[in-house]
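Participant: sequence first, then the predicted structure, then my questions.
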Amino acid sequence: MAPSTTKMRNQFPSLVRLIQVDVAVSDDRSPVGWVFGTFMYVYDDEKKNPWERLVPIGLQWGNDPKLTQKEYDAGTRPVETWMNPAAEVIRKDLGGKRPCWGWHGRLNGPADNFMSACLSCHSMATSSGGKLVPPKAKYDPKTGRWTAQDDKERMKWFQNIPAGTVAEGPGYSADYSLQLQMGVTNFEAWKASGGYPWEDAGAVPPGKRVSVKARKRQAPDTDEMTGPTMDYTESA
Ligand code: HEC
C-alpha cells in the first residue's frame, strides 16, 4: 500500500491487513513498456484458500492520453485499461462513494486514489521526486459527478511516458518504480542532513528488532500506522 508521505514507515513485523496486491510486469507490447495489474481481497468469499479470495480488478498498459474530460463526457472510455466486470459489480455492491477505480475508468485499486491511476502515479517516478498525484477534481453534489477543474493541467499526469524516461525534470528516471524513487530521495535527504544515525531517522538497521513502543517515541507520526501489532523487544 502506498504511504502518503515518506515519513510514514512500518519497518517492523506486524499483522497483515490484506486489501490489495499489486503487480508490475515489464512488457514490450505496452506503449510505456510496463503492464500494471491489481487484485483485491474479498474477505467473505466462500473460497477457503485465502489466495483464491484475491479477485483480479484489472490491467493497465497505458494512460489513455487522449481520454480527456471532453472525450469522457462524450462517452469515450479507456482502451489501455481492462477492468474485470466482476470487480465492478463488487465496487457498486459495496455502495461506497468512489465513482470509479481510477480516473475516468483507468485502473486503480481500492487502496488508491480514484483521481489518479496506477500508471499515472508511477510514470512520475524520478530521482528528484516530483508531484505524483494530479490536481484534485471537482465534485458536483447536484449531479454526483467528479470532473477535472483544469483538464489541460490534469492530463499532464496521463501521458504515456516511455520506460526509463523522465516525465518532468530534473533528475534521473526511476523507470516506474516509486520504491526506487523513495529510496533515492530518502538517501539524498540523509546525505544532506550530514548523515544522522539510523535511530534518529526512525529507521531500523537491517536484521535488528526494535520494540514498537520505542519506535513510537522516536517517530510519533507512525502511530496510526502501527495499530494492534505484536511487540518485539530489542533482545528478541
Ligand atoms: C498515488 C500514487 C500511486 C498510485 C495511484 C499507485 N501507486 Fe503503486 N506505489 C506508489 C508508491 C509511493 C510506492 C512505493 C511505496 C514504498 O516504497 O513504500 C508504490 C509501490 C508500488 C509497487 C512496488 C514497486 C515499485 O517500486 O514501485 C508496485 C508493483 C505498485 N506500486 C503497483 C501499483 C499498481 C498496480 C497500482 C494500481 C492498481 C498502483 N501501484 C497505484 C504510489 C502509487
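Facilitator: Yes, it's here.

Participant: part of a helix, is Cys121?
Facilitator: Yes - under DSSP: H, G, I helix; E, B strand; the rest coil, Cys121 falls within a helix.

Participant: how close does the nearest residue to it once chain neighbours are set aside get to Met182?
Facilitator: Nearest residue to Cys121, sequence neighbours excluded (CB to CB, 6 or more residues apart in numbering): Leu132, at 4.8 Å. No exception for glycine: its C-beta is placed from N, CA and C like everyone else's. Distance of Leu132 to Met182, computed by CB to CB, to the nearest Å: 10 Å.

Participant: what stretches of the protein score poorly on pLDDT?
Facilitator: Scanning the chain for pLDDT under 70 picks out 1-12, 195-236.

Participant: how about 80 then?
Facilitator: 1-15, 45, 169, 189-236 (pLDDT under 80).

Participant: for it, what lies in contact range of the ligand?
Facilitator: Listed as neighbours of the ligand in the chain under the rule CB under 6 Å from any ligand atom: 2-3, 22-24, 36-38, 107-109, 112-113, 116, 118, 121-122, 132-133, 177-180, 182.

Participant: could you pull out the strands for this protein?
Facilitator: Along the chain, counting by DSSP state E, strands occupy 20-26, 34-41, 54-60, 81-83, 138-140, 145-147.

Participant: shouldn't Thr165 be in contact with Ser173?
Facilitator: Yes - judged on CB atoms under 8 Å, Thr165 makes contact with Ser173 at a distance of 5.6 Å.

Participant: tell me who's in contact with the residue nearest to Ser123 when sequence neighbours are not counted.
Facilitator: The shortest distance from Ser123 to any non-neighbouring residue, by CB to CB, 6+ apart, is to Ile161 (4.3 Å). If a contact means CB atoms under 8 Å, 6 or more residues apart in numbering, then Ile161 has 32, 123, 167 as its contacts.

Participant: select from the residues you listed the one having the most neighbours.
Facilitator: Ser123 (25 neighbours; other CB atoms under 10 Å).

Participant: I figured it hits Gln159, correct?
Facilitator: Yes - with contact defined as CB under 8 Å, Ser123 reaches Gln159; the gap is 6.9 Å.

Participant: can you list residues touching both of these two?
Facilitator: Common neighbours of Ser123 and Gln159 (CB under 8 Å, 6+ apart) are 63, 167.

Participant: select the longest helix from the protein.
Facilitator: helix 178-192 (DSSP state H).

Participant: how many neighbours does the residue nearest to Cys121 have?
Facilitator: So Leu132, with other CB under 10 Å, has 18 neighbours.

Participant: count residues in the vicinity of the residue lying closest to Asn108 once chain neighbours are set aside, would you?
Facilitator: Excluding the flanking residues, the one nearest Asn108 by CB to CB, 6+ apart is Gly102, at 3.3 Å. Neighbour count for Gly102, taken as other CB under 10 Å: 29.

Participant: ok, Gly102 - contacts?
Facilitator: 60, 81, 108, 112, 114, 116-118, 120.

Participant: and for Ser128?
Facilitator: With contact taken as CB under 8 Å, 6+ apart, Ser128 is in contact with 169-171, 185.

Participant: for the residues you listed, could you give me TSV that also reports neighbour count?
Facilitator: Shown next, in TSV, are the contacts of Ser128 (neighbours: other CB atoms under 10 Å):
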residue	neighbour count
Gly169	9
Pro170	9
Gly171	18
Thr185	17
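
Participant: check which residues of stretch 171-187 are buried.
Facilitator: Counting neighbours by 16 or more other CB atoms under 10 Å, one finds that the buried residues in stretch 171-187 are 171, 173-176, 178, 180-182, 184-186.

Participant: which residues touch that stretch?
Facilitator: When contacts are defined by CB under 8 Å, 6+ apart, stretch 171-187 is touched by residues 2, 6, 24, 32, 34, 119, 121-123, 125-130, 132, 163-166.
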